[in-house]
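Q: Any chance you could fold what I've pasted below:
(chains A, B, C and D)
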2 protein chains.
Amino acid sequence: MITDAASTAKGRATRERIVRATAELVAERGVAAVSLDDVGRRARASRSQLYHYFDDKADLVHAVVDATTEAVLGAQDGLLAHLDSWAGIDRWFDALVELQRECQARGGCPIGSLAGQLAERDPEARAAIAAGLGRWEAHLREGLTTMRERGKLAPGADPARLATVTMAAIQGGLLLTQVRRDPQQLRIALDGARALLHAARPK
Amino acid sequence: MITDAASTAKGRATRERIVRATAELVAERGVAAVSLDDVGRRARASRSQLYHYFDDKADLVHAVVDATTEAVLGAQDGLLAHLDSWAGIDRWFDALVELQRECQARGGCPIGSLAGQLAERDPEARAAIAAGLGRWEAHLREGLTTMRERGKLAPGADPARLATVTMAAIQGGLLLTQVRRDPQQLRIALDGARALLHAARPK
DNA sequence: CCAGCTCTGGACTGTCAAGTCCAGTGAGCC
DNA sequence: GGCTCACTGGACTTGACAGTCCAGAGCTGG
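A: This is a model prediction of the structure:
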């Protein structure tokens, strides 16, 4: 929590290797099923290195939460910047579905998955996850606000509510996709969200 | 898995006490954070009783999955039978939101929560969860089908897709509610689902 | 009343995990 | 060359957990 020690390039590289390895393992197996020995093996780092860079496992998990939200938002970087047009939104939705097809509907949403595992166990992590989801949602909300300004959405449309509904469709769709091992579930949920957004077009 | 031994009333009572205690603990802390000692304490049952009724922890968890899906569906019993009218659907949605308000937006959906924890770790549990969600969704699908037959939905409406979208809204809304500790998130998601269903009314 | 079972209590074992400790190593600086 | 300090290796301690074992309690049917 206090430690962030990594004043040399080598130290920073080691720290990052540890976080990335942990994030991978967490995505594969879940937080509880990852031991520090596992992390050490995958990151080629010894026990003392872990405790050199992190206070304890919880501290490491927090770093993973941050890294994961960065990774998820980063992976959509090109898309999230263009949520101010119908084409941009469609491209975004298509990319999300494509991603699930590629990973054979495994893993769900990295953030949503962490949420389910940590929300009731680690208040600090919950807050970090909420913040990450908030940033994600903000991109859409801002895109929709721009669209309303440009007359592509009705003046009475509420970008905040529409963005929230869309986030719920994404997370719910991903959960169904994961449980049913069927990317089509996300497609259906997003088609619904799309219809809802279109319904907010000006008459 | 094979064991189901409980041939006396007392035995059945003990078994049920164990499952219920485990389900409670799992809901409070998550699967990984529950030890068999915890279960024993809460259920007032000794180690050997656990292993008398269940093969191992995984077997017990499977029983919890089943019990939880039964409990979730059971809790909505009166409501799920009347999803063939707009009023019935509204009552159902209202009840879901009210439930989240009561529990202070903690815990999310018991089934969805299990899904996030087990989907990638326990194929058998994933299948059981999928089946549970399927039964849930089926109630709505059947209600919507009835409504279409009665002319309350357009002939072209697709009850299966509408039911899936609604389930996604519920699960996604619950996840946002849990992460943000705000029941209003579910309300917004369900309002969206409601609008989508209404859009499928005959012209 | 006894034989046979279901069911129960709790001690025991082996394993594995988190976290500690200290003796280093090696790159930059004087 | 030697000093310093960030960084590293791995053995060690402590505790908790899943799963085993066996002796015994208590019901039940004959």
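Q: and the closest residue in space to A:Q184 that isn't next to it in sequence, helix, strand or coil?
A: In space, A:Q184 comes closest to A:T177 once its chain neighbours are excluded; the distance is 7.8 Å by Cβ to Cβ, 6 or more residues apart in numbering or on different chains. Heads up, the C-betas are built off the backbone N, CA and C, glycines and all. A:T177 falls in the helix class when you classify it by DSSP: H, G, I helix; E, B strand; the rest coil.
Q: my read: A:T177 touches A:I188, true?
A: No. Counting by Cβ atoms under 8 Å, A:T177 does not reach A:I188; the two are 9.5 Å apart.
Q: related to what we said a few turns ago, in contact with the residue nearest to A:Q184, which residues are there?
A: For A:T177, the contact set (Cβ atoms under 8 Å, 6 or more residues apart in numbering or on different chains) comprises A:Q100, A:A105, A:G108, A:P183, A:Q184, A:Q185, A:L186.
Q: min pLDDT across these, which one?
A: Across those, the smallest pLDDT goes to A:G108, namely 91.
Q: Relative to DNA strand C, how far out is that residue?
A: 23 Å (Cβ to the nearest atom of the strand, to the nearest Å).
Q: got the contact list for the residue lying closest to that residue once chain neighbours are set aside?
A: Leaving aside its sequence neighbours, A:G108 sits nearest to A:Q178 (Cβ to Cβ, 6+ apart; 3.8 Å). Listed by Cβ under 8 Å, 6+ apart, the contact set of A:Q178 reads A:A105, A:R106, A:G107, A:G108, B:A115, B:A119, B:E120.
Q: Could you export the residues you listed to CSV, including columns for secondary structure and neighbour count?
A: Formatted as CSV, those follow (DSSP: H, G, I helix; E, B strand; the rest coil; neighbours: other Cβ atoms under 10 Å in any protein chain shown):
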residue, secondary structure, neighbour count
A:A105, coil, 21
A:R106, coil, 14
A:G107, coil, 18
A:G108, coil, 26
B:A115, helix, 27
B:A119, coil, 26
B:E120, coil, 19
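Q: filter these down to the ones close to DNA strand D.
A: Among those, no residue sits close to DNA strand D (Cβ under 7 Å from any atom of the strand).
Q: So which of these is the closest to DNA strand C?
A: Ranked by distance to DNA strand C (Cβ to the nearest atom of the strand), the contacts of A:Q178 are led by B:E120 at 17.4 Å.
Q: Now A:D122: closest residue in space, sequence neighbours ignored.
A: Excluding the flanking residues, the one nearest A:D122 by Cβ to Cβ, 6+ apart is A:A58, at 6.6 Å.
Q: The helix or strand hosting that neighbour near DNA strand D at all?
A: In the assignment (DSSP states H and E), A:A58 maps to helix A:57-75. No. Helix A:57-75 does not reach DNA strand D (Cβ under 7 Å from any atom of the strand); its nearest approach is 13.5 Å.
Q: just checking, what packs against the least confident helix or strand in chain A by mean pLDDT?
A: Lowest by mean pLDDT, DSSP states H and E among the helices and strands of chain A is helix A:9-29, with a mean of 90. Secondary-structure packing of helix A:9-29 (3 or more Cβ pairs under 8 Å, 6 or more residues apart in numbering or on different chains; DSSP states H and E): helix A:36-43, helix A:47-53, helix A:57-75, helix A:110-118.
Q: Could I get the buried residue list for the longest one?
A: Which is helix A:57-75. A:57-69, A:71-72 (16 or more other Cβ atoms under 10 Å in any protein chain shown).
Q: Local confidence estimate at A:T3?
A: 37.
Q: Then A:A160?
A: So A:A160 comes in at 98 (pLDDT).
Q: contacting residues for it?
A: A:R141.
Q: For it, what is the enclosing helix or strand?
A: According to DSSP H and E, A:A160 maps onto helix A:159-180.
Q: Now the residue nearest to A:V165 when sequence neighbours are not counted: which helix or strand?
A: Take A:V165 and drop its neighbours on the chain: the residue closest to it by Cβ to Cβ, 6+ apart is B:G192, 3.6 Å away. For B:G192, the host element (DSSP H and E) is helix B:184-198.
Q: what do you get for A:P202?
A: Using DSSP H and E, no helix or strand contains A:P202.
Q: And A:F93, by the same measure?
A: helix A:86-102.
Q: Need the contact partners of that helix.
A: A:76, A:79-80, A:82-83, A:140, A:143, A:152, A:170, A:174, A:177, A:183, A:186-187, A:190, A:193-194, A:197-198.
Q: change it to 7 Å
A: A:L79, A:H82, A:L83, A:I170, A:T177, A:P183, A:L186, A:R187, A:L190, A:R194, A:L197 (Cβ atoms under 7 Å, 6 or more residues apart in numbering or on different chains).
Q: got it, and stretch A:20-37?
A: Residues contacting stretch A:20-37 (Cβ under 7 Å, 6+ apart): A:38-39, A:42-43, A:47, A:50, A:57, A:60-61, A:64, A:67-68, A:107, A:110, A:117-118, B:32-33, B:117, B:120-121.
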